[in-house]
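> With the input below, show me the fold.
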Amino acid sequence: MKYNFIKKYLTIILLFLVSIQILSAQDSIPPFTKKITFLEPSPTYNKKRFATALTGQLGLCTGALVGLNYAWYVGYPRSRFHFFNDMGEWQQQDKIGHMLGGYFQSSWSYNVYKWSGVKHNRAAWAGALTGWGFQTTIEILDGFSQKWGASTGDVLFNSLGAGWFLWQEMLWKEQRILLKISTHQVNYPKGQLAERAKELYGSQIYETFLKDYNSMTFWMSVNLASFNKKQKHARWLNLAVGYGAGGMYGGFDNTWKDSQGNIINRNDVQRYRRFVISIDADFTKIPTRTRTGRVLLGLLNTIKLPAPALEFNTLGQVVFHPLYFLNWEVPLYIKK
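Next up, the predicted model:
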């Protein structure tokens, strides 16, 4: 079953990339006018680069499949493909995560197609479709997992992420309103809750980054200078609005079964939502003289800059974070 499952996934990815090749194909291939470096985008359509781009993305998709299977699904039994309504889980943290996944993958794929010499509009559409396709085929992993199931909500938010990238490229030919992610330390109470958190989210850094919805904050980061072309200084400065949640020890509520099958009810721990305002940076606006530097800054642009932040949450609290990354906070107001 496991072999057939991976085989179906890879077949879908391969067919999808073939369709992208058809979409992105150029009508003609003008000759190069100058020699370019490896990381520099080709000024004209380059078949060899495009083939490399498709092969590389297929390899990354395969690697992501294996990695996700190991990090998330390997400990759970498989089942027949099925759907599951999970829109009410995790305070919708997982849904926004899918939106960011579609957005990031679309942006990265777009840049790969531009590197191959594909024209802007075609590269934007091909990038968005690649991002949407890669994220959506991951639903196969959920669909064959007995614990979860394929989610139409996930597909919807995958589409929103790819669409968020595409409309900005078509309207402005740049990303003025970035989607980003950050994580912060969560000190779980010792004992039962700490054990439950370890069971759900793991203990290794890569596990908590992928799984721990209590530690994640998703950001909408607006580059102010993009809307004011006369601004000369600090063109990298962004204003960011974030969404996160906390107090979650289960998908829908804080009940679960222990290893002996006993039902544990910890709904005395209140689940809540947090809304955060902070400053950020569009790292691609920071001047650099090298192509390598620009590539690295582009990759770094997926992460929210650790910075002071002000949090409002549904517990009725206002909290100041001197650095929204570490578990430092100063309560300013607590509703009585």
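> Where does pLDDT dip in the chain?
1-34, 71, 336 (pLDDT under 70).
> Helices of that one, residue ranges please.
Applying DSSP state H to the chain gives helices spanning 2-24, 47-68, 93-115, 120-137, 139-143, 152-172, 192-201, 205-211, 291-300.
> Other residues contacting the last one?
In this case it means helix 291-300. When contacts are defined by CB atoms under 8 Å, 6 or more residues apart in numbering, helix 291-300 is touched by residues Thr37, Leu39, Glu40, Asn111, Phe283, Thr284, Ile286, Thr288. Every residue, glycine included, has its C-beta placed from N, CA and C.
> redo that, cut-off 6 Å
Helix 291-300 is contacted from outside by Leu39, Glu40, Phe283, Thr284, Thr288, using CB atoms under 6 Å, 6 or more residues apart in numbering.
> Buried ones only from these, please, as a ChimeraX command.
Selecting only the buried entries of the contacts of helix 291-300 in ChimeraX, with 16 or more other CB atoms under 10 Å as the criterion:
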select :283,284
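> Need the contacts of helix 291-300 in a markdown table (columns: distance to Asn121).
Formatted as a markdown table, these follow (distance: CB to CB, whole Å):
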| residue | distance to Asn121 |
| --- | --- |
| Leu39 | 23 |
| Glu40 | 21 |
| Phe283 | 25 |
| Thr284 | 20 |
| Thr288 | 27 |
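> Need the helices of the chain in JSON lines (columns: distance to Asn327).
Formatted as JSON lines, the helices of the chain follow (distance: least, CB to CB, whole Å):
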{"stretch": "helix 2-24", "distance to Asn327": "38"}
{"stretch": "helix 47-68", "distance to Asn327": "28"}
{"stretch": "helix 93-115", "distance to Asn327": "18"}
{"stretch": "helix 120-137", "distance to Asn327": "31"}
{"stretch": "helix 139-143", "distance to Asn327": "31"}
{"stretch": "helix 152-172", "distance to Asn327": "28"}
{"stretch": "helix 192-201", "distance to Asn327": "14"}
{"stretch": "helix 205-211", "distance to Asn327": "13"}
{"stretch": "helix 291-300", "distance to Asn327": "23"}
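> so what's Asn313 closest to, chain neighbours aside?
Arg274 (4.3 Å; CB to CB, 6 or more residues apart in numbering).
> separation between the one you found and Thr314?
8 Å (CB to CB, to the nearest Å).
> okay, these two: which has more neighbours?
Arg274 (19 against 16; other CB atoms under 10 Å).
> hang on, the earlier thing: spit out the contact partners of the residue nearest to Asn313.
Gly244, Glu311, Asn313.
> Which one of the helices of the chain lies nearest to Met87?
Closest to Met87 of the helices of the chain, according to CB to CB: helix 152-172, at 4.5 Å.
> Quick check: which helices or strands does the closest one pack against?
helix 93-115, helix 120-137 (3 or more CB pairs under 6 Å, 6 or more residues apart in numbering; DSSP states H and E).
> Could you tell me how far that helix lies from the centre of the chain?
12 Å (CA atoms, centre = their mean, to the nearest Å).
> Return the set of buried residues in that helix.
153-155, 157-166, 168-169.
> same thing with stretch 291-305?
Arg294, Leu297, Asn301, Thr302, Lys304, Leu305.
> got a markdown table for those, with distance to Arg176 too?
Converted to a markdown table, the buried residues of stretch 291-305 look like this (distance: CB to CB, whole Å):
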| residue | distance to Arg176 |
| --- | --- |
| Arg294 | 18 |
| Leu297 | 17 |
| Asn301 | 13 |
| Thr302 | 16 |
| Lys304 | 16 |
| Leu305 | 17 |
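> Out of those, which is nearest to Asn69?
Each of those was scored against Asn69 by CB to CB, and Thr302 proved nearest at 22.5 Å.
> Quick check: that closest one vs Gln105, distance?
Applying CB to CB to Thr302 and Gln105 gives a distance of 11 Å.
> likewise Gly242?
Distance from Gly242 to Gln105, by CB to CB: 21 Å.
> neighbour-wise, which of these two wins?
Neighbour totals were compared for Gly242 and Gln105, and Gln105 leads with 26 against 23 (other CB under 10 Å).
> Now that one: closest residue in space that isn't a chain neighbour?
Gly131 (3.6 Å).
> if I read this right, the one you found contacts Ser107, doesn't it?
No - between Gly131 and Ser107 there is no contact under CB atoms under 6 Å: 7.4 Å.
> ok, Asn301 touching Ala281?
No - with contacts counted by CB under 6 Å, Asn301 stays clear of Ala281, the gap being 8.5 Å.
> who touches both of these two?
By CB under 6 Å, 6+ apart, no residue touches both Asn301 and Ala281.
> one step back: which of the contacts of Arg274 fall within strands?
Counting by DSSP state E, the part of these found in strands is Gly244, Glu311, Asn313.
> The second one: neighbour count?
The number of residues packed around Glu311, counting by other CB under 10 Å, is 21.
> Roughly how far does it sit from Phe218?
From Glu311 across to Phe218, the span is 14 Å (CB to CB).
> if I look at Met248, how far off is Gln91?
Relative to Gln91, Met248 is positioned 7 Å away (CB to CB).
> Skipping its backbone neighbours, what lies nearest Trp90 in space?
Trp90 sits nearest to Tyr213 (CB to CB, 6+ apart), 4.8 Å away.
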